[in-house]
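> next come a sequence and a model predicted from it.
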Amino acid sequence: MSQRTERISTPKRTKEIIEKYGFYFKKNFGQNFLIDSNVLDNIVYSAGVTKDDFVFEVGPGIGSLTQVLAENARGVVSVEIDNNLIPILKDTLSAYDNIEIINNDILKVDLNKLIEEKNQGKPVKVVANLPYYITTPIIMELLEKKLNVQSITVMVQKEVAERMQAGPKNKEYGALSVAVQYYCDASIDIIVQPSCFMPRPKVASAVITLKILDKPRIDVKNEELFFKVVKCAFGQRRKTLMNSLFNQGGFNIPKEDLTEMIKSCGLDEKVRGEALTLEDFGKISDSIYDYINK
């Protein structure tokens, strides 16, 4: 691999690459390229990437972050959905022999198999400037599949990063908050202004690191049921937890029994999902599990 080459991430260089290839931004792919080298250095620093690490990247764009990752990591696999970016990436990253580009949809890639092949099944780090439109599905995919991932450091919309950290009785608190806090320790590393991107997004972004816990934060009897309860609770936020579970859960549990269950968990029968802690969700889902399996 060559020594550090010219940064892709300057406004001038980014414009040159876009013009050279006649590239146009696709709104449906949520493409916003980073044009600030300091931000890229901060992302890689926040992720704690070293020469011992193998990194998975989602949506490399023209390779701005990929380049900095390759200079700091042992190897990088980047998954890019847009066919038009593949020849650009082959050009912009030609100086590096530790990068592999995969032209596919991240949600269709067998990530377990990829980790096994590329890193002998050892833990990888995920680092990405995530497309806004698909942030939540990607995060949920990475967490729920229980992949051998050590940490996830991603650039997302600021409000999405805040949602991941939000607690009960906060308007940002929702199913994503519960999932992230069930599996991870989350910390917002930096706030990034729209001027750091081309084209400029309308809102600020944030870099957040999710450190995957050795085991989930709470023990539950059935994880699938736990997340079903969580999704029901936030499906219609204005409804009480009891009505949400009765109408959407498909548990076939009479209302009076659901009410008793909620009370037995030390909660008010009129409580809404947004007031429940992680532990409360665990107690409710375990009660439903016991009821169904009695």
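Good, I have the coordinates.

> the most centrally placed residue in the chain and V58, how far apart?
The residue at the geometric middle of the chain, judged as the C-alpha nearest the mean C-alpha position with CA atoms, centre = their mean, is I139 (2.6 Å). Applying CB to CB, to the nearest Å, the value for I139 to V58 is 10 Å. C-beta: built from backbone N, CA, C; applies to glycine.

> could you do D41 as well?
Separation of D41 from V58 (CB to CB): 19 Å.

> and for D219?
Taking CB to CB as the measure, D219 and V58 are separated by 31 Å.

> now swap in F246 and tell me
When F246 is compared with V58 (using CB to CB), they lie 38 Å apart.

> and if you look at S46?
Taking CB to CB as the measure, S46 falls 16 Å from V58.

> so for those two, which sits in the more crowded spot?
Set side by side, S46 and V58 show unequal neighbour counts under other CB atoms under 10 Å, the larger going to V58 at 24 against 20.

> secondary structure class of the nearest residue to that one once chain neighbours are set aside, three-state.
With sequence-adjacent residues excluded and distances taken as CB to CB, 6 or more residues apart in numbering, V58 is closest to A128, at 4.1 Å. Look at A128: counting by DSSP: H, G, I helix; E, B strand; the rest coil, its state is strand.

> who does A128 bridge with?
For A128, the beta-bridge assignment (DSSP bridges) gives partners V154.

> what sits against K255?
Taking CB atoms under 8 Å, 6 or more residues apart in numbering as the definition of contact, the neighbours of K255 are 242, 246.

> before we move on, what about N148?
Applying CB under 8 Å, 6+ apart, one finds that N148 lies in contact with 112, 115, 121-124.

> in the stretch 1-150 of the chain, what spans have low per-residue confidence?
When residues are selected by pLDDT under 70, those of the stretch 1-150 of the chain lie in 1-4, 26-30.

> A helix includes T209, no?
No. Using three-state DSSP, the secondary structure at T209 is strand, not a helix.

> so what's it closest to, chain neighbours aside?
T153 (4.5 Å).

> which residues touch that neighbour?
T153 makes contacts with 43, 46-47, 125-128, 189, 207-210, as judged by CB under 8 Å, 6+ apart.

> out of these, which are buried?
43, 46-47, 125-128, 189, 207-210 (16 or more other CB atoms under 10 Å).

> break down the stretch 151-294 of the chain into its helices, ranges please.
Per DSSP state H, counting those that start in this stretch, the stretch 151-294 of the chain carries helices over the ranges 158-165, 175-183, 223-235, 241-248, 255-264, 278-292.
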